[in-house]
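Chemist: Structure for the following, please:
(4 chains)
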Protein chains: 2
Amino acid sequence: MGAVRPVSPGIGKFTPQPSGLHDTSFPDMTTQMMIELIAVLTAVRDDVPQVMTIDHGRLLPSGPLESTHRSLQAGVRAWVERQTGHPIGHVEQLYTFADHDRLLATGQGRLIAISYLALTRSHAGETGWRDWYDYFPWENTKTDAGRDCLAIIERLLCRWVADMDNAAARVRQWQRCVTLFAIGDMVAWNDELVLQRYELLYEAGLVAEAGCPPEDAVPGQAMHHDHRRILATGMARLRAKIRYRPVVFELMPEEFTLLQLQRVMESLSGVQIHKQNFRRLIMQQQLVEETGGIEENTGGRPARLYRFCGEVRQARQFVGTKIPLFQP
Amino acid sequence: MGAVRPVSPGIGKFTPQPSGLHDTSFPDMTTQMMIELIAVLTAVRDDVPQVMTIDHGRLLPSGPLESTHRSLQAGVRAWVERQTGHPIGHVEQLYTFADHDRLLATGQGRLIAISYLALTRSHAGETGWRDWYDYFPWENTKTDAGRDCLAIIERLLCRWVADMDNAAARVRQWQRCVTLFAIGDMVAWNDELVLQRYELLYEAGLVAEAGCPPEDAVPGQAMHHDHRRILATGMARLRAKIRYRPVVFELMPEEFTLLQLQRVMESLSGVQIHKQNFRRLIMQQQLVEETGGIEENTGGRPARLYRFCGEVRQARQFVGTKIPLFQP
DNA sequence: CTCTTTATGCTCATATTGAGTATAAGCCAA
DNA sequence: TTGGCTTATACTCAATATGAGCATAAAGAG
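Modeler: The predicted structure follows:
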């Protein structure tokens, strides 16, 4: 296959000279190389987190880096906004992949995939949106369906480790299963380990992407290539981020009740939150202010409407949001 | 200049077909493209955080992606270990840059830079190591030199905003200065905002990389290209990470006293820590265990030696380390 | 009018954290 | 040898944060 560079620059051990990379003259050291931009575009609809897909839910929206894009971030932003018609509040880079199993079809050169997490607000009547938990049902620990799925996984993982020849590996891998899936209540469930859990299932051959026949696989829809893995990366990032940065508001409508906000946080993290404590924490951080409006259709007493504080956003841009996420 | 791809694949709005990217046949849609790997390799020596450099401290170690590398991570790891001779405990991706101002010298194609943070232990007698704070003296808020530097920056930033024509911009930018540099004690200093502070100084034209003459620049050594910016990214990542993951131990020797551990944390974050509370927190998390050894040369009462808990490392891999970092 | 539902205000025990006091155990110089 | 200096280590205490629950308010349904 085509070498990325004919000769390694051979940076000697601690040599003070700059590597050839930084010479002003630069001959034809380039190679066939494809840069793909992949977006995990997330929105929340009816308290359900969703992801934008193409190809009947089998692929994340993705396309090549174009020469008109001023930067990677600008490329993803422009391109995603063109697709959704909505301004994107938040775009951040997730990860860059370049493994050998992602070769160009010619067999020449490499495919580099740069993935991004993007958040948007509403998307009424648009197609292509799928629920997060269609792909990762076991991550929805808030629901019975999620708990059922976890029970299945527990059984399958148990069989996987039992079939191992090496006793030491058996102990080590079972330890890993227990930690990641909170088996037996020895460890608490950690909602941020979406990627690690998916990778364990992949290694155990329990997902279709690992070449496992559908009837042996864990519940959850598969995707082409490693797109489900990239979705897992995005979910993990968002779950981590909502704990210490006010990014949830990028997903909320202009006005919302505190219970709506709580439901969004719960569905994103898949974890229950104590209502009164949640209110206390949100209020004391002064991230929201009353709009004066009232939401009537609550099914009970009407609720006050709030909006995200714009002024505070400026100053508190880097101040953490503390969200009380605990286990039921 | 050379187009990344002759024709955009034109993914229609929510079209169910996969983008052309994923077709099995893939003609010559590649282009001249250069992938550069850049490492922010950090170690701590005599309680001073250091970074590995080449070209007399003007460049971070960097080299092209080679076809022999199985993956990006493997490439960085193999290549860095070849240079330092030490095994790298921790390698993580930082960020991928691909801006138009980083073109190949031919003017054809784009330069993609993928940066990594790497940690290593000791490096006795090796050249190329430079102190973090040679490049970012204002980040060393623990020392008088750092505070002096901050005072200079405060004056320069004040002049920068005062010279602005637009009153609204003046207010907004001054608000930004106050937030990022904790001017006037309105906001607490946030040690994780290394990158944001550097970017503000860059925008204000106060660093040499922004084309500012050396005599007008803020103290601190400049680097070629955007390498100082990448270093800032790495410092910020490490400062954030040591708060909730036990990565410090990758930088510590096999055995250490609790004060040594504290000093490393302090010098990494540039922030003072209350000694007794630090001990309490480290001990109660059971991340370390006594080796039985004693360190005599403390200048006072001898101190017990500890090591990082290996067994716990496995189970607690994802459990956070809580480090009490506060302001003096 | 009562029951159900959600909203919102308030209490209380416990855990965590910031800060300080007290004592121990080494070295060194007078 | 002793007093003074240094660092190590053990506790204490107050302020705050957090987890959990009780109580009341205000709507609609029957």
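Chemist: helix/strand/coil for whatever residue of the stretch 101-250 of chain A ends up closest to DNA strand C?
Modeler: Residue nearest to DNA strand C within the stretch 101-250 of chain A (Cβ to the nearest atom of the strand): residue A:188, separated by 12.3 Å. Backbone N, C-alpha and C define where each C-beta goes, glycine included. At residue A:188 the chain is in coil, as set by DSSP: H, G, I helix; E, B strand; the rest coil.
Chemist: Could you do residue A:133 as well?
Modeler: Here residue A:133 is recorded as helix under three-state DSSP.
Chemist: Run through the residues that contact it.
Modeler: A:48, A:49, A:139, A:140, A:143, A:146, A:270 (Cβ atoms under 8 Å, 6 or more residues apart in numbering or on different chains).
Chemist: My guess is the residue of the stretch 101-250 of chain A closest to DNA strand C contacts residue A:181. True?
Modeler: No. Using Cβ atoms under 8 Å, residue A:188 makes no contact with residue A:181, being 11.5 Å away.
Chemist: Comparing those two, which shows the higher neighbour count?
Modeler: A direct count of neighbours by other Cβ atoms under 10 Å in any protein chain shown for residue A:188 and residue A:181 places residue A:181 higher, at 21 against 10.
Chemist: Relative to residue B:260, how far out is that one?
Modeler: From residue A:181 across to residue B:260, the span is 37 Å (Cβ to Cβ, to the nearest Å).
Chemist: which one among the contacts of residue A:133 gets closest to residue A:89?
Modeler: Nearest to residue A:89 among these, counting by Cβ to Cβ, is residue A:49 at 15.3 Å.
Chemist: Surely the closest one touches residue A:42?
Modeler: Yes. Residue A:49 is within contact range of residue A:42, at 6.1 Å (criterion: Cβ under 8 Å).
Chemist: For stretch A:215-230, measure first residue to last.
Modeler: 24 Å (Cα to Cα, to the nearest Å).
Chemist: again, but for stretch A:53-70
Modeler: End-to-end distance of stretch A:53-70 (Cα to Cα): 25 Å.
Chemist: buried residues in that stretch?
Modeler: The neighbour-count criterion (16 or more other Cβ atoms under 10 Å in any protein chain shown) identifies A:53-55, A:57-67, A:69 as the buried residues of stretch A:53-70.
Chemist: Residue A:76 sits in which helix or strand?
Modeler: Using DSSP states H and E, residue A:76 maps to helix A:72-84.
Chemist: Check which helices and strands the following helix or strand past that helix is in contact with.
Modeler: Next along the chain after helix A:72-84, taking DSSP H and E as the criterion, comes strand A:90-97. Strand A:90-97 sits against helix A:72-84, strand A:110-119, helix A:227-241, strand B:90-97, with contacts defined as 3 or more Cβ pairs under 8 Å, 6 or more residues apart in numbering or on different chains; DSSP states H and E.
Chemist: Just send these back as a markdown table, with distance to DNA strand C, mean neighbour count and mean pLDDT too.
Modeler: A markdown table is the format used below for the helices and strands packed on strand A:90-97 (distance: least, Cβ to the nearest atom of the strand, whole Å; neighbours: other Cβ atoms under 10 Å in any protein chain shown; pLDDT from 0 to 100):
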| stretch | distance to DNA strand C | mean neighbour count | mean pLDDT |
| --- | --- | --- | --- |
| helix A:72-84 | 29 | 19 | 80 |
| strand A:110-119 | 24 | 24 | 91 |
| helix A:227-241 | 18 | 23 | 96 |
| strand B:90-97 | 24 | 19 | 93 |
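Chemist: Now the longest strand along chain A: buried residues?
Modeler: Ranked by residue count under DSSP state E, the longest strand found in chain A is strand A:31-45. Buried residues in strand A:31-45, counted by 16+ other Cβ under 10 Å: A:31-44.
Chemist: Pick out the most distant pair among those.
Modeler: A:31 and A:44 (42.0 Å).
Chemist: Pull out the buried residues from stretch A:289-308.
Modeler: A:303, A:305, A:306, A:307, A:308.
Chemist: so what's the residue nearest the centre of chain A closest to, chain neighbours aside?
Modeler: By Cα atoms, centre = their mean, chain A has its centre lying nearest to residue A:234, at 1.4 Å. Distance criterion Cβ to Cβ, 6 or more residues apart in numbering or on different chains; nearest residue to residue A:234, sequence neighbours excluded, is residue A:40 at 3.1 Å.
Chemist: I figured the one you found hits residue A:120, correct?
Modeler: No. Taking contacts as Cβ under 8 Å, residue A:40 lies outside contact range of residue A:120: 11.4 Å.
Chemist: got the contact list for residue A:309?
Modeler: A:286, A:287, A:288, A:289.
Chemist: hmm, which two among those residues are most spread apart?
Modeler: Among the contacts of residue A:309, A:287 and A:289 lie farthest apart (Cβ to Cβ), at 8.7 Å.
Chemist: residues in chain A within reach of DNA strand C, list them.
Modeler: For chain A, the contact set with DNA strand C under Cβ under 7 Å from any atom of the strand comprises A:257-259, A:275-276, A:279-280, A:295, A:298-304.
Chemist: Where does chain A get nearest to DNA strand C, which residue?
Modeler: The nearest approach of chain A to DNA strand C comes at residue A:300, 2.1 Å away (Cβ to the nearest atom of the strand).
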